[in-house]
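[1] mind folding the following:
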Amino acid sequence: QLLDATDGSHVWANEYERDLEAAGVFEIQAEIAASVAGRLGGGYGEIAQEHRRLESYVAPDNLTSYECILRLYEYWMIFTPEKHEEVRDCLEFAVEAEPTYAEAWAGLTWIYADEFRFGYNTLPDSIQRSLDAGLKAVSLDPGSVMAHWTLAITYFNTQELDSFFDYADRALELNPNDPVTLAALGEKMVYAGYLERGV
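    The predicted structure follows:
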C-alpha cells in the first residue's frame, strides 16, 4: 500500500499471493519487489501520475525542472504541437535554471527531434540541437537511461545506425526493464530491419 505522507491519503495498493512451497522466499521477494517498483516508478508509474495530477494546476513558468520532465511524459501520451511547444519552453527554462540537469537535456533531445520528425514548432537546426542536447545529457550523467535512449533515437533519425545501436544497447544495459525504453527502442529496431530483436 502506498500512502501520501503529507495527508495520509491512499495512492495505490495491491495484494500479491504466491505459493511459498513452489519457489524460494527470496525469489518471490525479488519478483514482488520488481513488480511494485515497475508499477510505482518511472514516468508512467503511480508516483509520477500523482505528481502530474498535483502540478496540472501550476502555471508553466512556476514549474520546477522535475515537473517539466513530468510534462514531457504527459506529452508522450498526447503528442500535439501545442503540448510540444509548452514542454519545449518548460525544458529550455529548466536547463537555463539548472544547466547540469541531465534528464532535462535528455527531454530536449526528444523534443528537438520531434521538430525534425513531425514538423512541430520547427526552429532552425533542430536535428543538430537534438544531437547536441543528447550528447550533453550523456556527458552530464553517463548512468542516465533516458539520456542514452533519446540520443539513440536521434541517431536513428539521422540514419546513423551504428551510433543508434551503441546508445540503445547502453540504455538497455542500464535498465533492461524500463517499459518506455523498451518500447521506443524496440520500435526503431524493427524499422531498422532487426525484427526479431525489436519485437
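
[2] from here on, just use CA atoms for contacts and neighbour counts.
    Will do.

[3] for the helix or strand hosting Ala104, packing partners?
    Secondary structure assigned from DSSP states H and E places Ala104 in helix 102-118. Helix 102-118 sits against helix 65-78, helix 81-97, helix 126-140, helix 145-157, with contacts defined as 3 or more CA pairs under 8 Å, 6 or more residues apart in numbering; DSSP states H and E.

[4] quick check: mean pLDDT of the longest one?
    Along helix 81-97, the predicted local confidence has a mean pLDDT of 94.

[5] what sits up against that helix?
    Identification of contacts with helix 81-97 by CA atoms under 8 Å, 6 or more residues apart in numbering yields 60-61, 63-65, 68-69, 71-72, 75, 101, 104-105, 107-108, 111-112, 120-121.

[6] which of the residues you listed are buried?
    60, 63-65, 68-69, 71-72, 75, 101, 104-105, 107-108, 111-112, 120 (16 or more other CA atoms under 10 Å).

[7] centroid residue for this protein?
    Relative to the mean C-alpha position of the chain, the nearest C-alpha, by CA atoms, centre = their mean, is the one of Met146, at 5.3 Å.

[8] which residues sit in contact with it?
    Each residue near Met146 by CA under 8 Å, 6+ apart is listed here: Glu103, Ala106, Gly107, Ala171, Thr181.

[9] what about 7 Å?
    Glu103, Ala106 (CA atoms under 7 Å, 6 or more residues apart in numbering).
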